[in-house]
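Colleague: fold the following and give me the result.
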Amino acid sequence: MTAFDSPRDIMCALAQHVKSAVHPHMGTWRARRVTGIASSGDATFDIDEIAEGAVESFLIDNEVNVAYYSEDRGLIHPFPGRDPEGVLIIDPIDGTRGAIAGFEACVVSIAWAKPVAEPTIADVLYGVIVELKGAITLFAERGCGASILDDAGKSIPLALSPTDSIPAMAWATEVVGAPLEHLFQVLAPIANQTTVRGGFFILNSSAFELTRLVTGQLAAVVDLRNRLLHEFPELRDSFVVHGGGRLLSLYGYDVAAATLIVEEAGGIVTDAWGRSLADWKLLDTTEANFGSLIVSSNTELHSKLLRSVDESFANLKQSGL
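Modeller: Reported below is the predicted structural model:
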């Protein structure tokens with residue numbers, strides 16, 4: 001059996017193993033080669049295959065009795081003759097495009113969920129996120145809080161932003177696969193307020209973005225793609241075109257670990273309508289299970305963001321696309 005003492009030890013060791021495998025290839029020409037299409041419909045790159053191989057070898061070599069789900073291969077049972085002790089929701093590289101470019105906005109994301117047939121966000125018991133280019137590890141256990149460690153294992157204080165003003169907030173959004181001319185019709189009323197005093201970023205890694213709330217670098221993360229698709233179904237063909245021939249969106253596995261970390265740190269996480277993510281399925285990448293986000297460092301800011309988003313959609317419906 002595994003030599004590790006706890007799920008935390010397993011997850012942290014696995015994340016570091018993936019980081020060691022991937023890091024030498026960040027920013028290289030080889031990492032840029034597209035090798036296929038993931039189960040979610042997104043493109044996969046050579047660097048993704050390196051990360052997937054590292055996950056599989058670690059779990060088998062250390063006899064970690066879990067099933068695991070990854071973006072590229074779906075649900076895997078390394079030991080099919082055993083009942084798994086948990087389901088690992090693994091995104092070996094969240095922020096592949098950032099990793100390819102050698103940017104900092106990329107992480108290894110691992111969530112440990114209960115071994116149930118269709119795990120949801122509510123079933124996630126532990127979450128670990130390790131920076132690929134940076135040096136910190138973020139961990140959370142449901143009901144026990146969150147923590148940040150540096151590469152020497154020293155604790156770093158959590159630092160949720162006290163900002164409750166939209167103009168003063170630093171925030172990020174997601175745009176992959178969306179018709180930007182329409183997405184920014186909804187985002188503009190928020191974004192226009194923040195470009196001077198706050199800060200507006202597109203980082204292409206939902207897990208990285210959410211962890212920046214815990215470090216105090218961002219005050220909010222907003223992903224409105226699925227709400228835009230839902231409320232304006234006439235945009236479906238445009239979404240398909242911009243998704244490379246298929247619909248792309250936010251998936252539960254993208255933020256399974258990060259959601260737990262932010263919530264255990266005291267942040268507010270809902271979908272773009274302000275609803276709980278508790279029932280969001282983690283292994284389902286069909287359109288019916290597409291997700292969205294309004295995440296903030298405090299309740300007051302979240303209320304203002306939700307009100308602004310609701311107003312923006314109402315105005316867009318009234319004025320037309």
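
Colleague: tell me which stretches of the stretch 201-321 of the chain form helices.
Modeller: Taking DSSP state H, counting those that start in this stretch as the test, the helices found in the stretch 201-321 of the chain are 206-215, 225-231, 236-242, 252-265, 299-319.

Colleague: now those helices as TSV including mean neighbour count, distance to Ile156 and mean pLDDT?
Modeller: Yep, even glycine has a C-beta here, placed from its N, CA and C like the rest. Compiled in TSV, the helices of the stretch 201-321 of the chain are given as follows (neighbours: other Cβ atoms under 10 Å; distance: least, Cβ to Cβ, whole Å; pLDDT from 0 to 100):
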stretch	mean neighbour count	distance to Ile156	mean pLDDT
helix 206-215	27	8	98
helix 225-231	21	32	98
helix 236-242	15	38	97
helix 252-265	27	12	97
helix 299-319	16	23	97
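
Colleague: show me the residues around Cys144 that make contact.
Modeller: Applying Cβ atoms under 8 Å, 6 or more residues apart in numbering, we find Cys144 in contact with Glu264.

Colleague: what's the answer for the one 4 residues further on, then?
Modeller: Applying Cβ under 8 Å, 6+ apart, one finds that Ile148 lies in contact with Ile136, Thr137, Leu138, Phe139, Ser155, Ile156, Pro157, Leu158, Val214, Thr215.

Colleague: how near is the residue nearest to it when sequence neighbours are not counted to Glu104?
Modeller: Spatial nearest neighbour of Ile148, excluding adjacent residues (Cβ to Cβ, 6 or more residues apart in numbering): Ile156 at 4.2 Å. Remark: distance between Ile156 and Glu104 (Cβ to Cβ, to the nearest Å) = 16 Å.

Colleague: try Arg82
Modeller: Taking Cβ to Cβ, one finds Arg82 at 38 Å from Glu104.

Colleague: what of Thr120?
Modeller: In terms of Cβ to Cβ, Thr120 sits 30 Å off from Glu104.

Colleague: ok, these two, which is more surrounded?
Modeller: Thr120 (19 against 15; other Cβ atoms under 10 Å).

Colleague: poorly predicted segments of the stretch 1-150 of the chain, please.
Modeller: 1-2, 27-46, 71-72 (pLDDT under 70).

Colleague: what about the helices in it?
Modeller: 7-22, 46-61, 96-101.

Colleague: quick one, which of those helices is nearest to Asp254?
Modeller: helix 96-101 (11.7 Å; Cβ to Cβ).

Colleague: how about that closest one: buried residues?
Modeller: Neighbour-count burial for helix 96-101 flags Thr96, Arg97, Gly98, Ala99, Ile100 (criterion: 16 or more other Cβ atoms under 10 Å).

Colleague: just give the nearest non-adjacent residue to Gly145, would you?
Modeller: Glu264 (5.2 Å).

Colleague: my read: that neighbour touches Leu158, true?
Modeller: No: Glu264 lies out of contact with Leu158 (Cβ atoms under 8 Å); the separation is 9.4 Å.

Colleague: what touches both of those two?
Modeller: By Cβ under 8 Å, 6+ apart, the residues touching both Glu264 and Leu158 are Ala146.

Colleague: list the buried residues in stretch 131-139.
Modeller: Glu131, Leu132, Lys133, Ile136, Thr137, Leu138, Phe139.

Colleague: from Ala101, how far off is the residue nearest to Gly145?
Modeller: 31 Å.

Colleague: ditto for Thr299
Modeller: 35 Å.

Colleague: re the thing from before, of the buried residues of stretch 131-139, which is the nearest to Thr163?
Modeller: Leu138 (20.4 Å).

Colleague: burial measure for the residue lying closest to that closest one once chain neighbours are set aside, as a count.
Modeller: In space, and not counting its chain neighbours, Leu138 is closest to Ile129: 4.6 Å by Cβ to Cβ, 6+ apart. Number of residues near Ile129 (other Cβ under 10 Å) recorded here: 28.

Colleague: give me the domain ranges for this structure.
Modeller: Domain assignment for the chain by automatic domain parsing gives 7-156, 170-319.

Colleague: distance to Ile110 for the helices of the stretch 1-150 of the chain - can I get that in TSV?
Modeller: Formatted as TSV, the helices of the stretch 1-150 of the chain follow (distance: least, Cβ to Cβ, whole Å):
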stretch	distance to Ile110
helix 7-22	5
helix 46-61	9
helix 96-101	16
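
Colleague: for the ones you listed, which one sits closest to Lys114?
Modeller: helix 7-22 (11.4 Å).

Colleague: show me what that closest one is packed up against.
Modeller: helix 46-61, strand 87-94, strand 107-113, strand 124-131, strand 137-141 (3 or more Cβ pairs under 8 Å, 6 or more residues apart in numbering; DSSP states H and E).

Colleague: residues touching Ile90, list them.
Modeller: Leu14, Val55, Tyr68, Tyr69, Ser70, Val108, Ser109, Ile110, Ala111, Tyr253.

Colleague: again with Ala105
Modeller: Per Cβ under 8 Å, 6+ apart, neighbours of Ala105: Gly95, Gly98, Leu203, Asn204, Ser205, Phe208, Glu209.
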